[in-house]
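Student: Predicted model follows, preceded by the sequence.
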Amino acid sequence: MSYLGITALNLKWALKGPATRGYPLAPRRVIADSRGALAFAKANCIYCSVCRKKCPTGAIGVNRNQKKWAIDRLRCISCGYCVEVCPKDCLSLTTYMSPPTVTKDREVF
Amino acid sequence: MSPDPGSFTAVETAALVAEVRLLRDAGWRLVQIGAAALPTAMEVIYSFDLGGKITNRRVSLPVEGPHRLPSITSVYAAAALYENELHDLFRIQVEGNILDFKGKFYRTTVPFPFASRPSAPALAAKAGTNP
Amino acid sequence: MARTIIPFGPQHPVLPEPIHLDLAIEDEKVVDVLPSVGFIHRGLERLVERKDFQEFVYVAERICGICSFIHGQTYCQGIEELMQVEVPARAQYLRTIWGELSRLHSHLLWLGLLADSFGFESLFMHSWRVRERILDQIEATTGGRVIFGSCKIGGVRRDISPEALAVMRKELDVIERDMREIVDVFLGDSSVKRRLQGVGVLSRDDAYILGCVGPTARASGVAQDMRSLGYAAFRDIKVEPIVRTEGDSYARCVVRCAELFQSVDIIRQAIDRIPPGAIETKVTGFPDGEILVRTEQPRGEVAYYLRANGSRNLQRFRVRTPTFANLPALVRMLPGANLADVPVLVLTIDPCISCTER
Ligand code: SF4
Ligand code: SF4
């Protein structure tokens, strides 16, 4: 009977070498349109709070008087809704993830 | 777009089991049972499918409990899980369920979490504070 | 014969799903079973009262980590129907492509887990290796590997360029070739057959009256596939349900294997026929009314009940996930089975307990 199929398959892939990468020694492959951490360009921001109102997770805070914009990275789900609604195009999604942290800090710009 | 949005027909609580039996004998399959705690009533929707068509039966219970419903598990055994859900989430007492978990189906921290309508402040609450 | 009660789950090495079964065992045979779920009820349905109906797409997508896209799509379809929004044809096709990609990766994931459940580790690895190529396609076109985030009310958020579609079509050939290799093992290998054939037979009548959906129902001879309702691009692309009549675990495996190639075929057709044009319709106003929408998830029919009253928030959002409908069938299948077959049987309905409890 047939036990040979899996043997052949295993042999083929054993000879081909691993299908995975040796991360972190080999770098991660970046996919161009991947949705990663949110980037903020302070220069254009008019502190209109649209992003704060639209963000589904409430990750963004905006203070118009002090001209401060803040993000809670652990809340952000990289959905890109804020990027879509920002009138000044100062938000964008990068292709890398925000680095791991041990504290729940908000990043204030 | 789904071509068949489904029709909703109201039935009396007392006539429910007979109505459901008619549907089963005509070959309808039970799709779901779900409740909705509306400001005007506690509604329970029974949905059935036959060859891609959908039909719904609606039972309206008064807003104020205690809510009671007859079980349809004698007709569709698979309704047992839905009826446990009605009890555990909406505090609807389903009488005659053949597989009654007695409130242990969903182990929620808040008992009967879906039974009430939310208060206004809960609706307004939205995170996103200022720095 | 003395009876023993063996508790199975909610933490069990073979099944990372929080379902608990009390198995009454005589000798090695299961004679009775009592399931219990509800360890991780998240109360997602009530979030509609806090999130407005547009934001809620994100929540709907997070009901399940495997069939995320189709959850979002079903929700959007329901709201679009309530608001009578006509979704552009291109968006419909894009939704179909993504939906089928998620079916592909879900079925491959399931095949891997099935192999794992009867201890066939290398086959598990091979299935997941192929799945990775599909995830790459998903990430390249939507930006996410698991949560696509590309569906919105009125259309989709992202377009796929013709070049990317061409790349995807090429990649599908490779994926199909790789899938053929592992499917041949699943369907031909003697040890797999010995574990699956004749195990957990579910008759057609039982499957129907217990309300089974998806591959579980189709393997028992119920020709039921919500894609034949003709939502999204299934208006133009016809889908024949893949049906087997044996009703055993092997049949459920065969159905899912055949659906892999069916999905590849659907994606190819969609890529060939996708019309140019807009990808979304602007949506204004708020939904009003009630509706029950259904689509075909990898695991079967999902039913959404939406109730709106013309305000920003829906009044009621109710999901009946496919696993919920398949649980009664599991309870029917288990008595009479060997204890060692329990993990296999639990897996053959492709349980997703977390989304069952929402
Ligand atoms: S929407 Fe854009 S401009 Fe407005 S506060 Fe946010 S980042 Fe600044
Ligand atoms: S990407 Fe989404 S979750 Fe993150 S800040 Fe923007 S809107 Fe909020």
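Tutor: Looks like it came in fine. Ligands and ions are numbered 1, 2, ... in the order given.

Student: How far away from the center of its chain is the least confident helix or strand in chain A by mean pLDDT?
Tutor: Ranking every helix and strand in chain A by mean pLDDT, DSSP states H and E puts strand A:107-108 at the bottom, with a mean of 78. Centroid displacement of strand A:107-108 relative to its chain, using Cα atoms, centre = their mean, to the nearest Å, is 16 Å.

Student: which residues in the chain form strands?
Tutor: Let's take chain A. Counting by DSSP state E, chain A has strands at residues A:38-40, A:60-63, A:68-71, A:91-93, A:107-108.

Student: hm, I was asking about chain C
Tutor: C:3-8, C:20-26, C:29-36, C:151-152, C:155-156, C:288-297, C:300-309, C:316-320.

Student: thinking again about what came up before, the least confident helix or strand of chain A and chain B in contact?
Tutor: Yes: under the criterion of Cβ under 8 Å from any Cβ of the partner chain, chain B is reached by strand A:107-108 at A:Val108. Backbone N, C-alpha and C define where each C-beta goes, glycine included.

Student: can you list contacts of that strand?
Tutor: For strand A:107-108, the surrounding residues in contact (Cβ atoms under 8 Å, 6 or more residues apart in numbering or on different chains) are A:68-73, B:131.

Student: Filter the residues you listed down to the buried ones and hand me the PyMOL line.
Tutor: With 16 or more other Cβ atoms under 10 Å in any protein chain shown as the criterion, this PyMOL line picks the buried residues out of the contacts of strand A:107-108:
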select buried, chain A and resi 68+69+70+71+72+73
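
Student: Is it possible to get TSV of the contacts of strand A:107-108 that adds pLDDT and distance to chain C?
Tutor: Listed next are the contacts of strand A:107-108 as TSV, based on pLDDT from 0 to 100; distance: Cβ to the nearest Cβ, whole Å:
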residue	pLDDT	distance to chain C
A:Lys68	83	24
A:Trp69	84	20
A:Ala70	85	20
A:Ile71	86	17
A:Asp72	86	16
A:Arg73	85	17
B:Pro131	43	22
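
Student: coming back round to it: may I have the strands that pair with the least confident helix or strand of chain A, each with its orientation?
Tutor: strand A:68-71 (antiparallel) (DSSP bridges).

Student: Pull the contacting residues for the nearest residue to C:Pro276 once chain neighbours are set aside.
Tutor: Once flanking residues are discounted, C:Pro276 sits nearest to C:Arg90: 6.6 Å by Cβ to Cβ, 6 or more residues apart in numbering or on different chains. By Cβ under 8 Å, 6+ apart, C:Arg90 lies in contact with C:159, C:274-279.

Student: What about those, which are in helices?
Tutor: Applying DSSP state H to the contacts of C:Arg90, no entry is found in helices.

Student: on that earlier part again, let me know whether the least confident helix or strand of chain A sits next to ligand 1.
Tutor: No: using Cβ under 6 Å from any ligand atom, strand A:107-108 never reaches ligand 1; the gap is at least 13.3 Å.

Student: Show me which residues of chain A are close to chain C?
Tutor: A:1-3, A:5-6, A:9-10, A:13, A:19, A:31-35, A:54, A:56, A:77-81, A:84, A:93.

Student: Can you go through these and name the buried ones?
Tutor: Members of the residues of chain A next to chain C classed as buried by 16+ other Cβ under 10 Å are A:5-6, A:9, A:13, A:31, A:33-35, A:54, A:56, A:77-81, A:93.

Student: Identify the residue nearest the residue of the stretch 1-150 of chain C found nearest ligand 2 in space, chain neighbours excluded?
Tutor: Among the residues of the stretch 1-150 of chain C, C:Tyr58 lies closest to ligand 2, at 8.0 Å counting by Cβ to the nearest ligand atom. Residue nearest to C:Tyr58 in three dimensions, not counting chain neighbours: A:Pro56, with 4.8 Å by Cβ to Cβ, 6+ apart.
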